[in-house]
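J.: what would the 3D arrangement of this be:
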Amino acid sequence: MNLPNRLTVTRIFLVPVFLAILSLKVPYGDYIAAGVFILAASTDGLDGYIARKRKMVTRLGKFMDPLADKLMISAALIALVELGTIPAWIAVLIIGRELVVTGLRAVAAADGTVISASKLGKIKTVTQIIAIVAMFLHDFPFNMIEVPIGNIAMGLAVLFTIWSGVDYIVRSWHLLKKEGI
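T.: Below you'll find the predicted structure:
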């Protein structure tokens, strides 16, 4: 297993660590969990960068990387719902978009077409990560000036989630029409 794939697998293994920290209700657990989430999220861009730069792109990596991302984001959103930090509709919308795009990619792959991540999709991921971290940090250090950075960031994440989801659908429309949709 090459380094990029190891980083991806590490991201997957950090998800239960992140969730366990939240479940234990330790002092500053939200902050520690946010740190683990940041560590996991940092492997996301790094694994792809190394794979492309060193020509280590594999089929396993192409499959595991988006799966690891979806697992990480979904687990964090569900945890935020359970903690009462975000409403469930936000988690459902973001996770639902991920499922739709995964389905579109599967349809495209069956047709021999690859739908790679768009710039909007990458912006969406970054805004989601920032929003999730801000929500776990309870807007620290901005809470001293009473600016709801977490809510603003989550609003932007929802906006980019919808925008990028529509973009994937539009870019895949020809495949959907071909399938009779």
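J.: does the residue nearest the centre of the chain lie in a helix or a strand, and which?
T.: The centre of the chain sits closest to I73, judged by C-alpha atoms, centre = their mean, with a distance of 4.0 Å. According to DSSP states H and E, I73 maps onto helix 59-82.
J.: you'd agree the residue nearest to the centre of the chain is up against Q128?
T.: Yes. Between I73 and Q128 there is a contact at 5.6 Å, judged by C-beta atoms under 8 Å. No exception for glycine: its C-beta is placed from N, CA and C like everyone else's.
J.: intersection of neighbour lists for these two?
T.: The contact sets of I73 and Q128 overlap at I94 (C-beta atoms under 8 Å, 6 or more residues apart in numbering).
J.: which helix in this protein runs the most residues?
T.: helix 149-178 (DSSP state H).
J.: and the angle for that one with helix 59-82?
T.: If you take axes from the mean of the first three to the mean of the last three C-alpha atoms, to 10 degrees, helix 149-178 sits at 130 degrees to helix 59-82.
J.: sec struct for I86, please.
T.: What DSSP: H, G, I helix; E, B strand; the rest coil gives for I86 is coil.
J.: ok, it touching L77?
T.: Yes. Under the criterion of C-beta under 8 Å, I86 makes contact with L77 at 7.1 Å.
J.: and the two? Which one has more around it.
T.: Each of I86 and L77 has its neighbours counted (other C-beta atoms under 10 Å); L77 has more, 26 against 23.
J.: quick one, what contacts that one?
T.: 86, 90-91, 94-95, 132.
J.: let's see that with 7 Å instead.
T.: Residues near L77 by C-beta atoms under 7 Å, 6 or more residues apart in numbering: 91, 94-95.
J.: which one of these is nearest A41?
T.: Of all the contacts of L77, A41 sits closest to I94, with 14.8 Å by C-beta to C-beta.
J.: burial count for the closest one?
T.: A count of neighbours around I94, defined by other C-beta under 10 Å, yields 25.
J.: quick one: it from A76, how far?
T.: Counting by C-beta to C-beta, to the nearest Å, the gap from I94 to A76 is 10 Å.
J.: just T113 next, same as before
T.: In terms of C-beta to C-beta, T113 sits 31 Å off from A76.
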